[in-house]
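Undergrad: Following is a predicted model, sequence given first.
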Amino acid sequence: MKKTLFWILLAIIFYPKIILSQSCNDLSIQHEADIVSTCGLMAMTMVHDQNNLPYLYVANKEAGLTVYDISNINMPVQIASVPISSLGNLEVMNLFQHGNYLLLALGNHFANSGSAGGIAIVDVSNPATPTVADHYAVPGSSSGAGVVKAEGDYAYLGAMKSGIVIFDISNVNDIEFVSQFIPDINYPVTNPNPNFYNARGLEVNNDIVYLCYDAGGLRIINCVDKFHPAETGRFANPIMYDPFNLPRAYNNLVVDDSLLYVAVDYCGVEVLNIADTANITLQGWWNPYNCPYNNWYTSPVHANEIQYDKNGKKLFLSTGKSDMMVVDVSNPSNPDSCAMFGSVSNNIGTWGIGLWQNQLFLSYICTFGIPFASDWTGVKILTYNSPAVGVQEQVMSNAISVFPNPFYAATTIETTYELNNAMLIIYNPQGQVVKQTVISGHSNTLYRDNLPGRNILHADYAGGKIFATEK
C-alpha cells in the first residue's frame, strides 16, 4: 500500500539560556505609559499577546475585554472591546491566551457579589476584531471566578468557592463541562470559615494543577483523569495557623521546575519545594513584615499576582498599596526584595501584573480603605533591563528529543536548553501556520488537537527542525 506523507515543520523560537548576574540596581525600571479607566470599569489584570503581536488584552471587569495596540509603547490605543452583554452579562476578572484564543474567567468574585462563575473563549486571530466563540456559566456557582488556564484541549477555571472546573475546549465553539473538584476545606484547620476557601490562583503543567486555595493553602490536583481529579499534595505554612488558627490567603503562584513561588497576601512570598509532592517543604520565605504578627489593614504589602523572569531570577509582585515589589530568588532559600516601583503613600494600589520580554504591566483597582485605599484604576506600562531581551532562533543540534515516537494524541518534546516563553510553531506543507503555542522549561507536551489527518505522526529531527510524518 502506498504511504501518504504529511510534513509538519516545528520552528522553536526562544530566549537563549544565558543567565546573567544582575543586581536589582541594574533593572532600571522605567514608566512608559498609562492606560486610564474609571472606578466603574476597573482594570483587573492583563496579558500581552503571546504570539508576539503588539497588543495588550485587559480584563476590564464591568467593561468586559478591551484590546490595546501598544506598537508605540508610549501611546497605547484602544482598538477593540468585547462588552459583558456578549459574555452572558458576567464581568471579566482574569484571562489567559491559548494560541489564537483568549480564555476569560467571568463573574465578579469580590465578597458577596452573588455572581455566577463562568468561562468564555474569544478568537483573537485578528486582535482588532475579537469574536466570542462561546461562553459558559457554571451551574450553581455564586462567587464568580478568579483565574483560568489551559493546556491542550482542556481549560481549568478557578471558580472560587466552586473549586476547579474542567472544560473540554477542543471545539472552541462548544465549551463542554467535564468535571468539578472542590478541595476539602478542613485543612489546615478544622471547622473553618467556608468564606475563606476559594480557588483563586493556579498553574497547570502536564495535567497537574497547582492551586492556590486561599486560606486552604496550596493544593496539588492530579487531572490526568479529567473526569476524576484527585488531590495528591497539600501545604500550608504552620506558622500561619499555630497558635493563631488564622491562615493567610494563598493568592497566586508560578512554577519553576521543582519549586513553587507563592504570593501569600500580606505575608510575602513562600518558596515551596515540591520535588516530593507528598512531602512539600518550605525552602525559603520572603517575609519582610513579620507575618503572622503583622496586621492586614496596616501592612504595606498585599502580594496578589506574581510573574517570574527566569533568566534574571527575579519575581515581580503586584503588592497593593506598595504597587510593585521585585524579589531576587537567585538563592531560593533566601529570597530578598531588591527593587520597588511606586509608593505606599501615593493613594493607589495594584491588583494584577503581566510580563512580556522586558515589559511589565501593572493594573490598579479602586478600593475604599479595605485593606488599603486606592482612587485610580487602569494599567501602567513599564520596561526594565532584562538579562535576555529579544527573541532568537537557535539550532539545537542534538539537544532535542521527542517521545513517544511515533505518536497519535500527544508527545513530549525535551530540550537541553532552558526555554523561556518559547514560541512553538507548526506549519502545513503549504507553509501556513496550523498550530502555535508558548512553552517553557526543559519538557513540554505537544497535543495533536485538531491537526489535519487521522493517522499516527512520526517525528524526526533534522537540520535544527522537527518534521512529523503522517503514516
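TA: Thanks, I have it. Residues are numbered from 1 along each chain as shown.

Undergrad: what are the ranges of the strands in the stretch 201-350 of the chain?
TA: For the stretch 201-350 of the chain, the strands defined by DSSP state E, counting those that start in this stretch cover 201-205, 208-212, 218-222, 230-235, 252-256, 259-263, 269-273, 281-286, 306-309, 314-318, 324-328, 336-341, 349-356.

Undergrad: Include distance to L102, mean neighbour count and mean pLDDT when you put these into a markdown table, please.
TA: (C-beta placed from N, C-alpha, C; glycine too.) Formatted as a markdown table, these follow (distance: least, CB to CB, whole Å; neighbours: other CB atoms under 10 Å; pLDDT from 0 to 100):
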| stretch | distance to L102 | mean neighbour count | mean pLDDT |
| --- | --- | --- | --- |
| strand 201-205 | 17 | 21 | 96 |
| strand 208-212 | 20 | 24 | 98 |
| strand 218-222 | 24 | 21 | 97 |
| strand 230-235 | 29 | 17 | 97 |
| strand 252-256 | 19 | 21 | 97 |
| strand 259-263 | 23 | 24 | 98 |
| strand 269-273 | 28 | 24 | 97 |
| strand 281-286 | 32 | 18 | 96 |
| strand 306-309 | 18 | 21 | 97 |
| strand 314-318 | 20 | 27 | 97 |
| strand 324-328 | 24 | 22 | 96 |
| strand 336-341 | 27 | 18 | 92 |
| strand 349-356 | 13 | 23 | 97 |
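
Undergrad: among those strands, which is nearest I439?
TA: I439 lies closest, by CB to CB, to one member of the strands of the stretch 201-350 of the chain: strand 201-205, at 10.5 Å.

Undergrad: I'd like to know how far P229 sits from V379.
TA: Note on P229: its distance to V379, by CB to CB, to the nearest Å, is 34 Å.

Undergrad: neighbour count winner among these two?
TA: In terms of neighbours (other CB atoms under 10 Å), V379 is the more surrounded of P229 and V379; the figures are 26 against 22.

Undergrad: Surely the more buried one touches S363?
TA: Yes: with contacts counted by CB atoms under 8 Å, V379 reaches S363, the gap being 5.2 Å.

Undergrad: shared neighbours of the two, anything?
TA: Counting by CB atoms under 8 Å, 6 or more residues apart in numbering, the common neighbours of V379 and S363 are A43, M46, V58.

Undergrad: Now flag whichever of the residues you listed is closest to F181.
TA: Checking these one by one against F181 (CB to CB), the nearest turns out to be M46, at 27.9 Å.

Undergrad: Given the one helix or strand the closest one maps to, what are its sheet partners and their directions?
TA: In the assignment (DSSP states H and E), M46 maps to strand 45-48. Using DSSP bridges, the strands paired with strand 45-48 in its sheet are strand 55-59 (antiparallel).

Undergrad: report the angle between the axes of the partner strand and strand 349-356?
TA: Interaxial angle, strand 55-59 versus strand 349-356 (axes from the mean of the first three to the mean of the last three CA atoms, to 10 degrees): 150 degrees.

Undergrad: Would you mind writing the CA trace of strand 55-59 as CSV?
TA: The C-alpha trace of strand 55-59 is given here as CSV (Å, rounded to 0.1, in the frame of the first residue of the first chain):
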residue,chain,number,x,y,z
TYR,A,55,-1.3,44.1,21.5
LEU,A,56,-2.4,44.1,25.2
TYR,A,57,-5.5,42.3,26.3
VAL,A,58,-7.1,43.7,29.5
ALA,A,59,-9.7,42.0,31.8
